[in-house]
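>>> what's the 3D shape of this:
(4 chains)
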Protein chains: 2
Amino acid sequence: MPNNQFKKGELYSFMTGKASTAIARRLQKNLKQHNIEITVEQWSVLYHLWKNDGLSQQDLCNATFRDKPSITRLVDNLEKLKLVKRVASKSDRRINQVFLTEYGKQLEDETMNVANTTLNEALTGVPSDKIDICKEVLQIVYDNLK
Amino acid sequence: MPNNQFKKGELYSFMTGKASTAIARRLQKNLKQHNIEITVEQWSVLYHLWKNDGLSQQDLCNATFRDKPSITRLVDNLEKLKLVKRVASKSDRRINQVFLTEYGKQLEDETMNVANTTLNEALTGVPSDKIDICKEVLQIVYDNLK
DNA sequence: GGCATATAGTTGTTTATGCAACTAACCAAA
DNA sequence: TTTGGTTAGTTGCATAAACAACTATATGCC
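Sure, this is the predicted structure:
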């Protein structure tokens, strides 16, 4: 039996993503406690815009590993919250560039502090060399399947 | 700055759970290709029932790391599909035990084969000692936050 | 026994996901 | 320049998630 060097039964928590679910819930809770009224999914879009404002919706699909309808609706909701604004690209009228509003930009510092705190909570007691290996494994898994 | 021995920027894919999302999508695709008409979420419930038939809904909450309303509705849908049946517990009338139907039992072998295949696809090229470390890290993260 | 509290499960509402089908705009080849 | 294929984005529909509020049953303490 090829590639079967692992105990499967213990591995299904991989599939069900309990760790990343736990992180997402904790981040949501921490955001709420700081009165930052966005969802973790909205955060994941804003995170990429804070690094690189004006990304297209397709760019956001690639960055967040979501499909196009998901991004359409996340951007819809972010627009309703006055956090971003769609701007039609001059060079290609199919493309919407998504830009942060002033309000959206203002949210960056506090929100990223909350995210960093959450990550610290998650990784308490994990040696950094093991974090590196875990990251590496998850990257290979992602590359194998994406 | 405490507990800051890692590069945060690279770690947000942890939070967004890209690897586990990729696994779930591939499993869904593989199930469909084998004409197994269940969702991956339904699979995660059935998986625990195959190991231990007759679990309560609360047991399923704990096993799958979902909240009670989620399990209520997943069991609703599994009942509609004639895969499981709720049975009120004799000893405690608050409790619903969830039992597999014959049809639900029949699905086990082929479905678990598909799940195992999916896991092999995901873990291709990952040495088993690194899988163990990754599992260990994800377990600590889960324990830190659950 | 009776009351307070805890536990098991359900329902309502909002948000998000996945897939398929669709429109609009772009591009390249005849 | 028209036609056929590709890319960007939207809409419709079914399933699922998180949170809060609710009902029903059980338990423990007086």
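>>> could you list the buried residues of stretch A:90-97?
Within stretch A:90-97, the residues that count as buried by 16 or more other CB atoms under 10 Å in any protein chain shown are A:96-97. Bear in mind the C-beta positions are built from the backbone N, C-alpha and C, glycine included.
>>> so what touches the strand or helix carrying residue A:13?
Element membership of residue A:13, judged by DSSP states H and E, is helix A:12-16. Identification of contacts with helix A:12-16 by CB atoms under 8 Å, 6 or more residues apart in numbering or on different chains yields A:19, A:141, B:19-20, B:23-24, B:27, B:40, B:44, B:47, B:64-65, B:115, B:118-119, B:122, B:135, B:138-139, B:142.
>>> would you mind naming what in chain A lies close to DNA strand D?
For chain A, the residues in contact with DNA strand D (CB under 7 Å from any atom of the strand) are A:21, A:24-25, A:28-29, A:56-58, A:61, A:68-69, A:71-73, A:75, A:86, A:92, A:94-97.
>>> narrow these to those in strands?
If you go by DSSP state E, these have A:86, A:96-97 in strands.
>>> list the contacts for the closest residue to residue A:81 other than its chain neighbours?
Excluding its sequence neighbours, the residue lying closest to residue A:81 (CB to CB, 6 or more residues apart in numbering or on different chains) is residue A:38, at 7.1 Å. Taking CB under 8 Å, 6+ apart, we find residue A:38 in contact with A:31, A:46, A:81, A:83, A:107, A:111.
>>> residue A:110 and DNA strand C, how far apart?
Taking CB to the nearest atom of the strand, to the nearest Å as the measure, residue A:110 falls 18 Å from DNA strand C.
>>> got a pLDDT number for that residue?
According to the prediction, residue A:110 has pLDDT 94.
>>> so it sits in a helix?
Yes. Counting by DSSP: H, G, I helix; E, B strand; the rest coil, residue A:110 is part of a helix.
>>> count of residues packed around it?
13 (other CB atoms under 10 Å in any protein chain shown).
>>> who's in contact with it?
A:34, A:36.
>>> grab the most central residue of chain A for me.
Ranked by distance to the mean C-alpha position of chain A (CA atoms, centre = their mean), the top residue is residue A:44 at 3.2 Å.
>>> doesn't residue A:131 lie inside a strand?
No. Assignment of residue A:131 by three-state DSSP gives helix, placing it outside any strand.
>>> check whether the helix holding residue A:13 contacts DNA strand C.
No. Helix A:12-16 stays clear of DNA strand C (CB under 7 Å from any atom of the strand), getting no nearer than 12.9 Å.
>>> domains in chain A, by residue range?
Taking automatic domain parsing as the criterion, chain A consists of the domains A:8-36+A:114-146, A:40-106.
>>> where does chain A dip in pLDDT?
A:1-11 (pLDDT under 70).
>>> helices of that one, start to end?
Counting by DSSP state H, chain A has these helices, from start to end: A:12-16, A:18-33, A:40-51, A:57-64, A:68-80, A:102-106, A:108-123, A:128-145.
>>> export those to JSON lines and tack on distance to residue B:130?
Below are those laid out as JSON lines (distance: least, CB to CB, whole Å):
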{"stretch": "helix A:12-16", "distance to residue B:130": "13"}
{"stretch": "helix A:18-33", "distance to residue B:130": "16"}
{"stretch": "helix A:40-51", "distance to residue B:130": "26"}
{"stretch": "helix A:57-64", "distance to residue B:130": "26"}
{"stretch": "helix A:68-80", "distance to residue B:130": "31"}
{"stretch": "helix A:102-106", "distance to residue B:130": "39"}
{"stretch": "helix A:108-123", "distance to residue B:130": "18"}
{"stretch": "helix A:128-145", "distance to residue B:130": "5"}
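>>> coming back round to it: tell me which residues touch the residue nearest to the centre of chain A, please.
Taking CB under 8 Å, 6+ apart as the test, what residue A:44 contacts is A:64, B:12, B:15-16.
>>> between the residues you listed, which is nearest DNA strand C?
Of all those, residue A:64 has the smallest distance to DNA strand C: 7.5 Å, by CB to the nearest atom of the strand.
>>> nearest spatial neighbour of that closest one, skipping sequence neighbours?
Nearest non-adjacent residue to residue A:64, counting by CB to CB, 6+ apart: residue A:44, 5.2 Å away.
>>> same question for residue A:137.
Distances taken as CB to CB, 6+ apart put residue B:134 closest to residue A:137, at 4.0 Å, once the chain neighbours are dropped.
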